[in-house]
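Novice: sequence? don't have it. structure:
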């Protein structure tokens, strides 16, 4: 029997897709929300929040930071749960 045929392996693959697609969807909502905000409400982002600083800069930085954080969340999840479980499945198959 191949590793790919095991029900436990298939569950892990489905779980990986769910996590990946969820985080991707979150990032797309954040990114396209920012782009739509630029397109339809420039005045909101143009609000001054300090001398020579508008709201657009921290919001734009927030988009970049959210991408970094979501990547970190996926990496932590993969390292802590997914990869070790896949390794265990493979080890059992080798025995």
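Specialist: Happy to help now that I have it. Not measured: the values here are computed from a predicted model.
Novice: please make it C-alpha for all contacts and neighbour counts, starting now.
Specialist: Fine.
Novice: once you drop chain neighbours, what's closest to the residue nearest in space to the middle of the chain?
Specialist: Nearest residue to the geometric centre of the chain (Cα atoms, centre = their mean): residue 23, 3.2 Å. Leaving aside its sequence neighbours, residue 23 sits nearest to residue 70 (Cα to Cα, 6 or more residues apart in numbering; 6.4 Å).
Novice: now do the strands in this protein.
Specialist: Using DSSP state E, the strands of the chain run over 48-50, 53-54.
Novice: average pLDDT across the first one?
Specialist: I take that to be strand 48-50. Averaging pLDDT along strand 48-50 gives 92.
Novice: what comes up buried for that strand?
Specialist: Buried residues in strand 48-50, counting neighbours by 16 or more other Cα atoms under 10 Å, are absent.
Novice: partners of it in the sheet?
Specialist: strand 53-54 (antiparallel) (DSSP bridges).
Novice: okay, the residue nearest to the centre of the chain: pLDDT?
Specialist: 97.
Novice: ok, now how distant is it from residue 85?
Specialist: With the distance defined as Cα to Cα, to the nearest Å, residue 23 ends up 20 Å from residue 85.
Novice: now render the strands of the chain as CSV, adding distance to residue 64.
Specialist: Listed next are the strands of the chain as CSV, based on distance: least, Cα to Cα, whole Å:
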stretch, distance to residue 64
strand 48-50, 20
strand 53-54, 17
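Novice: and residue 7, which of the ones you listed is closest to it?
Specialist: Distance to residue 7, taken as Cα to Cα, is lowest for strand 53-54 among the strands of the chain, at 52.9 Å.
Novice: about what we covered before: quick one, which of the strands of the chain is nearest to residue 75?
Specialist: Short answer: strand 53-54, nearest of these by Cα to Cα, at 32.9 Å.
Novice: average pLDDT for the closest one?
Specialist: 94.
Novice: same question for stretch 78-95.
Specialist: pLDDT averaged over stretch 78-95 gives 82.
Novice: roughly how far out does that stretch sit from the chain middle?
Specialist: Remark: stretch 78-95 is offset 22 Å from the chain centroid, using Cα atoms, centre = their mean, to the nearest Å.
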